[in-house]
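1. based on what follows, work out the 3D shape:
(chains A and B)
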Amino acid sequence: MGTRPRRARGGVTRRQLLAAAGGGVAAAMLGPGRARAQEAGFLRVARGADARSLDPHINARLYDRPVCYTLYEPLLDADAHGNFIPKLATSWEVGSTGLVITFHLRPNVVFHDGTPFTADVVKWNMERILDPATGSEHRTRFEGIVQGIQTPDKYTVQYYLTRPYPPFFSEMTDRPGLMVSPAAVQKYGKDFGRNPVGTGPFRFQEWVLGNRVVVQRNEQYWNRAKIQSTGIIFTDFEEPAVADARLRGGELDLVTIEGLPADDLLAFQKDPTYRVIQSPAYRWEAIEMKVDTPPFDNLALRQAMMYGLNRQQIRDVIYRGFGQATGKIFHEGWWADPSYNGPAFDLTMARQKLKESDYAARPVPLTLYVLESDVPLGEMVQAQLQAVGFTINIRLVSERDQYPMVLQGQIPFTIPADWTPRVDPHGLAYILWDSKGYANSSHYKNPQVDKLLDDAAATYDRAARTKAYREAERLIVNDASYIFYYASPDPAIMRPQVQGFTYGFDLIPRVSETWVKS
Amino acid sequence: MWRYMVRRLLVLIPTVFAVTLGIFVLMRTAVGGDPTLYLMGHEATLAQAAAARARLGLNQPVFVQYVDWLGRLGALDLGRSFDYPIDVRSALAGRIPATLELTALSTFLALCVAVPAGIFTAIARHTRAGRALSAVTVAGICVPNFWLGMLLIYLFSVKLHWMEHSAYVSVGENWRQNLVSMILPAISLGAWYSAAWARYVRSAFLDALDGDYIRVARAKGLLERTVVYKHALRNAMIPLVTIIGENIPFMLAGAVIVEVVFSLPGLGRLFSDAIQSRDYPIVQGTVLLLTGVVVLSNLTVDLTYGVLDPRIKYD
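-> Below is the predicted model of the structure:
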């Protein structure tokens, strides 16, 4: 033992080496006050997951969208009431037949790569989405509706539709309306999602997979005077509690993560050193049932659940009083009915409905698929429905599996079904409750609802549309393929120095004009 | 020794084959296994999902998919991620540095604590201080790393405000900033090992101190310091090296949690995300890489025995 010669260390002993290493750690720990040069003037935003693709037309997820809205601009945007406001289109009009929609574009706008934004670019963007080879999930929004696009001049684009289609405007506020650079798509090909180029107020700087996306101010932006931040750092936090702690530790300026613990949210609301801003629109939650599958094909059984659900208790206990106990669908926008709040909790009525159903005679246990992160909610609903007379078993399902399994009919009874509003009511109502809707996973079919939704989507008369959606809402609620119980705004928590933050009507944070007051 | 190394490396081939085949079948037969609907988001129709399935080759039998994957592996092509707009090789290459640094730093910190603590608790086992430190090491084994991570964030970030600029940056970009961003994760991951390894060192050290050669060394009149550090410590290190080698896979598993808690762009987080989103190419690529790491780390441990104890021969 110990016979090998000791290797020379260039005059540094083992002890000195250890001391140097320890000293380095200590020095780094004790001197963290020096900010990275990159962070000066930067807004630091937390989001719930890593970006997947920064190509808004292909595979852009919920957490990619706030980034996309800094890099790209839509033709239109929507204000807090769901009214359209100009972005890349300065004005727009509908032709007398309702079949031609004309957008007048903002002149002299350039992409980050220096190429000009023109009507031909807008045409190319729509053709890209419609091309099956692109693989855009948004193709279904326009298939069978857009039959042609004309560009009468450099800054005018006309969409020719197969039928009058007012929801087209709201589509132009969403991902399909975000304009990407054709030259950059050609240059990067399938890697465009990692090399995004738009006309937005920020240009792409870096994407460290699994950690952050950084964007830097576009000095050539047409509305440069409104942009204060030098750049924005979007850091991923899969664990909301960690993002909360990082905000409290001064490492973040703004947290907009879905699924913040209710207790944390309440603590921030009570804390005067932070500001909580709520979105103008509400995301809703419901129990979803596949209504062509026994025993859920029995209306009385579904209504027994509808009346047996104590929504107030769910709101007060599970959500700690945040949000609204509600039994309806539409909470915002011109189409919402302020005089309607959906069915109320009525245990007597629930038991009576259960008696009317076959279930009372043959009480089989029902399996409720509960999202892994919502076990307390599932258990509360289980207890409430058992008080009505149901026997409910709970099985857990992961967040990533829930929707695919529901859509493929593998899960007939689940909680929560959770959707965010669109800028036009057609966006959700049609896909979820029209018998032809591609996301009609409850297999709901009511010819009266189909007609109301079809009619409402075929007229530009807002009064007629409002009436139709309100009527359809009551029918859908009463048919109870979805049992609505809760709706809440999305909260954004920020340091008080943060200025200019807004939520889009679609609950996507718009942070381009947000900045930190020094 | 070379023959031994070649033989051990050849074992890698059937191991990789078995592990990748297992993960291949498991991922594709798991509940909700089809990734296309998730990948395409809520806007996709079942028809679009079916088209995507065909485009990704997922409509082929599992065996055909596996043979296809193996074929491309021969050309060092690990495929392209279903979820990210990136090929698997680049995704893995981008994530290796953070995980490598995290595990190396954790191991370093754990050893810095474990070896002195183990020796002290062995030598001073009959003193109050020795017993107290021994109790601390037992307590350290009981603390889960994610919980410790949250506590460290709470202490250093929320309470002390020491970590205002702890966003991860690579070593090349800014080594100082990198060290700040890695120190808490390394402590979180390394704490358990420092406690566990201290117990091993203590036990191995006590065994070594009982050895005849120690008695002989003392009888020769050597200084106690020489007896302890030169003779006993070296022998006590052999079981520690074994345990470090065995712990590397567990450390990589622990890195998954720590990387999620601290938002580090490491392999663990990539793997965890890929499993959840059924990003098969990433899962397969990561498993392949980790299998190689485990086999090679075990081989390194076996070879280190020879360095620590020249009597060990490799046949």
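2. what are the ranges of the helices in the stretch 201-315 of chain B?
-> Secondary structure of the stretch 201-315 of chain B (DSSP state H, counting those that start in this stretch): helices at B:212-219, B:224-226, B:233-261, B:267-276, B:280-308.
3. and these as TSV, adding mean neighbour count, mean pLDDT and distance to chain A?
-> Bear in mind the C-beta positions are built from the backbone N, C-alpha and C, glycine included. Listed next are the helices of the stretch 201-315 of chain B as TSV, based on neighbours: other Cβ atoms under 10 Å in any protein chain shown; pLDDT from 0 to 100; distance: least, Cβ to the nearest Cβ, whole Å:
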stretch	mean neighbour count	mean pLDDT	distance to chain A
helix B:212-219	13	85	8
helix B:224-226	11	82	10
helix B:233-261	20	81	5
helix B:267-276	24	86	5
helix B:280-308	18	82	8
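4. and of the ones you listed, who's closest to A:R510?
-> Smallest distance to A:R510 across those (Cβ to Cβ): 26.3 Å, for helix B:267-276.
5. returning to that earlier point: in JSON lines: the helices of the stretch 201-315 of chain B, plus distance to B:W69.
-> Shown next, in JSON lines, are the helices of the stretch 201-315 of chain B (distance: least, Cβ to Cβ, whole Å):
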{"stretch": "helix B:212-219", "distance to B:W69": "54"}
{"stretch": "helix B:224-226", "distance to B:W69": "57"}
{"stretch": "helix B:233-261", "distance to B:W69": "22"}
{"stretch": "helix B:267-276", "distance to B:W69": "15"}
{"stretch": "helix B:280-308", "distance to B:W69": "7"}
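6. so which of these gets nearest A:G342?
-> With Cβ to Cβ as the criterion, A:G342 lies closest to helix B:267-276 of the helices of the stretch 201-315 of chain B, at 33.9 Å.
7. what is the orientation angle of that closest one with helix B:280-308?
-> Helix B:267-276 runs at 150 degrees relative to helix B:280-308, counting by axes from the mean of the first three to the mean of the last three Cα atoms, to 10 degrees.
8. and helix B:267-276, what does it pack against?
-> In this structure, helix B:267-276 packs against helix B:88-123, helix B:233-261, helix B:280-308, with contacts taken as 3 or more Cβ pairs under 8 Å, 6 or more residues apart in numbering or on different chains; DSSP states H and E.
9. run the chain-centre distance for that helix.
-> Using Cα atoms, centre = their mean, to the nearest Å, the mean C-alpha position of helix B:267-276 is found 14 Å from that of the whole chain.
10. what does that helix rub up against?
-> With contact meaning Cβ atoms under 8 Å, 6 or more residues apart in numbering or on different chains, helix B:267-276 is reached by A:49-50, A:209-210, A:238, A:398, A:400, B:27, B:81, B:83, B:91-92, B:95-96, B:98-99, B:252-253, B:255-260, B:279, B:282-283, B:286, B:289-290.
11. how about stretch B:94-111?
-> A:21, A:208-210, B:168, B:170-171, B:178, B:182-183, B:185-187, B:189-191, B:193-194, B:197, B:244, B:248, B:251-252, B:255, B:258-259, B:264-270, B:289.
12. could you point out the longest strand of chain A?
-> Across chain A, the longest stretch assigned as strand under DSSP state E is strand A:275-289.
13. and it, what does it pack against?
-> For strand A:275-289, the contact count by 3+ Cβ pairs under 8 Å, 6+ apart identifies helix A:262-270, strand A:413-419, strand A:482-494, strand A:502-503 as packing neighbours.
14. for that strand, buried residues please.
-> A:275-277, A:279-289 (16 or more other Cβ atoms under 10 Å in any protein chain shown).
15. which strand or helix spans A:V213?
-> Element membership for A:V213 (DSSP states H and E) is strand A:212-217.
16. excluding chain neighbours, what is closest to A:E372?
-> Of all residues not flanking A:E372 in the chain, A:L396 sits nearest, at 5.0 Å (Cβ to Cβ, 6 or more residues apart in numbering or on different chains).
17. that neighbour pairs with what?
-> In this entry, A:L396 is beta-bridged to A:V370, by DSSP bridges.
18. so what's it scoring on pLDDT?
-> Looking at A:L396, its pLDDT stands at 93.
19. how about B:G118?
-> Predicted confidence (pLDDT) for B:G118: 85.
20. just to revisit the earlier point, how close does the residue nearest to A:E372 sit to chain B?
-> Relative to chain B, A:L396 is positioned 11 Å away (Cβ to the nearest Cβ, to the nearest Å).
21. how many other residues sit next to that residue?
-> Other residues near A:L396 come to 14 when the count uses other Cβ atoms under 10 Å in any protein chain shown.
22. right, and it touches A:V370 too?
-> Yes: the pair A:L396 / A:V370 is scored as a contact, 5.8 Å apart, by Cβ atoms under 8 Å.
23. got the contact list for the nearest residue to A:E288 once chain neighbours are set aside?
-> In this structure, A:E288 finds its nearest non-sequential neighbour in A:A417, 3.8 Å apart by Cβ to Cβ, 6+ apart. When contacts are counted by Cβ under 8 Å, 6+ apart, A:A417 touches A:285-288, A:406, A:482.
24. do the same with A:N211
-> A:50, A:235-236, B:167-168, B:263-265.
25. now swap in A:Q402 and tell me
-> A:369, A:371, A:411, A:414.
26. one more pass at 6 Å, please.
-> Contact partners of A:Q402, counting by Cβ atoms under 6 Å, 6 or more residues apart in numbering or on different chains, are A:L371.
27. buried ones in the strand or helix carrying it?
-> Element membership of A:Q402, judged by DSSP H and E, is helix A:399-407. If you call a residue buried by 16+ other Cβ under 10 Å, then helix A:399-407 has these buried ones: A:400-407.
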